[in-house]
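**Q** Starting from these lines, generate the structure:
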Amino acid sequence: MHMYIGSIDQGTTSSRFIIFNKGGEIISVGQKEHKQIYPQAGWVEHDPSEIWKNTQEVIGLALGKANLSAKDIAAVGITNQRETTVAWNKHTGKAYYNALVWQDTRVGNELAELAKDGGMDRFRAKTGLPLATYFSGLKLRWLLNNIEGLREDAEKGDSLFGNMDTFIAWNLTGGTQGGIHITDVTNASRTQLMDLATCQWDDEILQVLNIPKKMLPEIKSSSMVYGHAKGVLGGVPLAGILGDQQAALVGQTCFNPGQGKNTYGTGCFLLMNTGLKPVPSQHGLLTTVAYQLGNEPVHYALEGSVAITGALVQWLRDNLGIIKNSPDIEKLAKLVDDNGGCYFVPAFSGLYAPYWKSDARGVLVGLTRYINKSHIARAALEATAFQTWEVLEAMEKDAGIAISSLRVDGGMVVNQLLMQFQSDILGEEVICPKIIETTALGAAYAAGLAVGYWENLDDLRKNWAIAHTWKPSMPAESRDQLRKQWKKAVTKSFDWAED
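**A** Take a look at the predicted model:
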């Protein structure tokens with residue numbers, strides 16, 4: 001009997017396999033980190049073969065822990081780090097080069113050249129996205145232009161491109177032995193190669209970027225049976241694919257226009273469901289696909305992306321040694337009552353929403369002899385909340401909808417100090433669900449809906465329950481002063497990087 005749904009969660013720092021029951025509760029988890037590769041400043045890479053090997057291992061690990069086999073899994077879904085770009089040979093299965101991670105900024109110098117015709121919004125009307133180092137299309141162009149043999153093979157139809165969902169799906173369903181080359185509408189919308197209105201690859205943009213269409217995956221719904229797994233999950237239907245942030249939106253059951261969520265991970269990603277029509281942004285946000293369930297119409301979202309949040313805590317741990325383990329940040333920050341006038345703007349990869357300044361770099365401002373490592377730890381946590389506030393402010397202006405509370409998820413929501421400060425700086429309630437692994441849950445929901453494990457959206461809504469609510473307690477004048485100083489600090493990061 002098929003009692004469970006499996007979810008492959010291929011993230012920026014690790015790959016996981018999580019098994020859920022009908023109530024959306026976690027039965028078992030397998031997880032393994034992969035290496036972060038930094039060949040030079042601004043370059044961030046992953047080894048795709050390591051990630052696929054880890055994915056197979058964590059599937060076996062989660063099944064083994066729960067004493068389950070493939071026969072107990074009704075369907076499997078995939079959720080993934082979006083924009084991370086890989087090209088591989090369809091005959092050998094080997095990648096031509098490491099995967100270029102979404103944080104990678106190596107295409108920064110090409111933006112000005114592309115912007116000469118139409119400005120930084122050259123492709124925005126079609127794709128919902130400004131020209132930025134963030135998206136897959138320019139990363140793929142870099143690979144085609146710089147990796148020997150790739151363009152030649154692409155023209156012959158021998159090389160394949162995908163975000164990590166496509167790479168995992170191809171390998172999961174057989175790889176060189178009949179693996180399917182697909183992506184879903186959410187991941188396709190992050191390439192800057194898809195027309196939002198038609199949800200098809202745009203020939204004009206492909207021509208401008210000189211990308212061979214034959215290497216692109218087929219665009220599918222986020223919830224349908226695509227094929228069946230081989231190997232350890234042999235015979236299990238692959239039935240759901242969602243980019244990680246859209247998966248969290250589904251996992252938080254934000255199915256109505258105006259409902260939104262913020263995921264606190266390596267970066268921070270705030271999405272608001274805007275319904276059946278894409279809403280163009282006037283305030284520095286992205287217009288993107290939220291999800292498509294089966295043959296239903298595509299739903300759209302506004303998104304505010306913050307590049308560095310949890311990654312800043314990792315940086316304090318790994319680069320500076322201020323803390324030994326990531327959770328220690330909260331204990332250290334609690335030793336002081338405030339930031340002491342210190343602000344940390346972590347523009348390590350430039351600034352994302354709502355500024356989109358690829359030449360910005362990280363700054364730590366307001367330093368005096370009074371400042372100690374506790375103030376810096378607190379400023380690092382507060383940076384996440386400040387950036388979220390700025391994105392939410394832009395989102396409310398674009399959508400014309402005021403969010404009265406914010407649903408949150410991701411690894412950082414266990415940090416009580418951060419969540420309380422988030423509520424204080426927003427002046428709104430912050431609500432955390434009982435199941436904070438909403439990214440993996442969203443992919444599970446997509447897969448489960450496709451095979452009838454869950455009948456409809458109401459089944460999913462019944463699973464959503466509140467674990468904790470934080471209410472604002474900061475005086476309005478203090479909030480206003482902190483916001484003002486933060487905006488001042490952000491300006492100090494502008495125009496730093498030069499060609």
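
**Q** Leu285: how many residues sit nearby?
**A** 29 (other CB atoms under 10 Å). (Glycine included, C-beta is placed from N, CA and C.)

**Q** Hmm, it is touching Glu396, no?
**A** No. Taking contacts as CB atoms under 8 Å, Leu285 lies outside contact range of Glu396: 10.5 Å.

**Q** joint contacts of these two?
**A** Common contacts of Leu285 and Glu396 (CB atoms under 8 Å, 6 or more residues apart in numbering): none found.

**Q** Which residue, other than its chain neighbours, is closest to Asn325?
**A** Spatially, and ignoring its direct neighbours in sequence, Asn325 is nearest to Arg317 (7.1 Å; CB to CB, 6 or more residues apart in numbering).

**Q** List the buried residues of stretch 350-357.
**A** Using 16 or more other CB atoms under 10 Å as the test for burial, stretch 350-357 gives Gly350, Leu351, Tyr352, Ala353, Pro354, Tyr355, Trp356, Lys357.

**Q** Confirm Leu238 sits in a helix?
**A** No. Judged by DSSP: H, G, I helix; E, B strand; the rest coil, Leu238 forms no part of a helix; its state is strand.

**Q** which SSE is Asn256 in?
**A** Taking DSSP states H and E as the definition, one finds Asn256 inside no helix or strand.

**Q** now the closest residue in space to it that isn't next to it in sequence: how far from Leu233?
**A** Leaving out its chain neighbours, the residue that sits closest to Asn256 by CB to CB, 6+ apart is Asn273, at 6.4 Å. Relative to Leu233, Asn273 is positioned 31 Å away (CB to CB, to the nearest Å).

**Q** Name the SS class of the residue lying farthest from the centre of the chain, please.
**A** The C-alpha centroid of the chain is most remote from Arg369, which lies 38.0 Å away (CA atoms, centre = their mean). Assigned with three-state DSSP, Arg369 falls in the coil class.

**Q** Can you report how many residues neighbour Tyr291?
**A** Tyr291 has 28 neighbouring residues, counting by other CB under 10 Å.

**Q** What of the one 3 residues further on?
**A** Gly294 sits with 11 neighbouring residues when counted by other CB under 10 Å.

**Q** List the residues that contact it.
**A** Counted by CB under 8 Å, 6+ apart, Gly294 has contacts Ser221, Ser223, Met224, Leu449, Ala450.

**Q** Would you map the strands across the stretch 201-350 of the chain?
**A** Along the stretch 201-350 of the chain, counting by DSSP state E, counting those that start in this stretch, strands occupy 218-220, 223-228, 237-243, 260-264, 268-275, 286-291, 299-306, 343-345.

**Q** how far out from the middle of the chain is the longest helix anywhere in the chain?
**A** Under DSSP state H, the helix in the chain containing the largest number of residues is helix 373-399. Distance of helix 373-399 from the chain centroid (CA atoms, centre = their mean, to the nearest Å) equals 17 Å.

**Q** same for the helix or strand just after that helix, what does it pack against?
**A** Using DSSP H and E, the next helix or strand after helix 373-399 towards the C-terminus is strand 405-409. Under the contact criterion of 3 or more CB pairs under 8 Å, 6 or more residues apart in numbering; DSSP states H and E, strand 405-409 touches strand 260-264, helix 416-426, strand 429-433.
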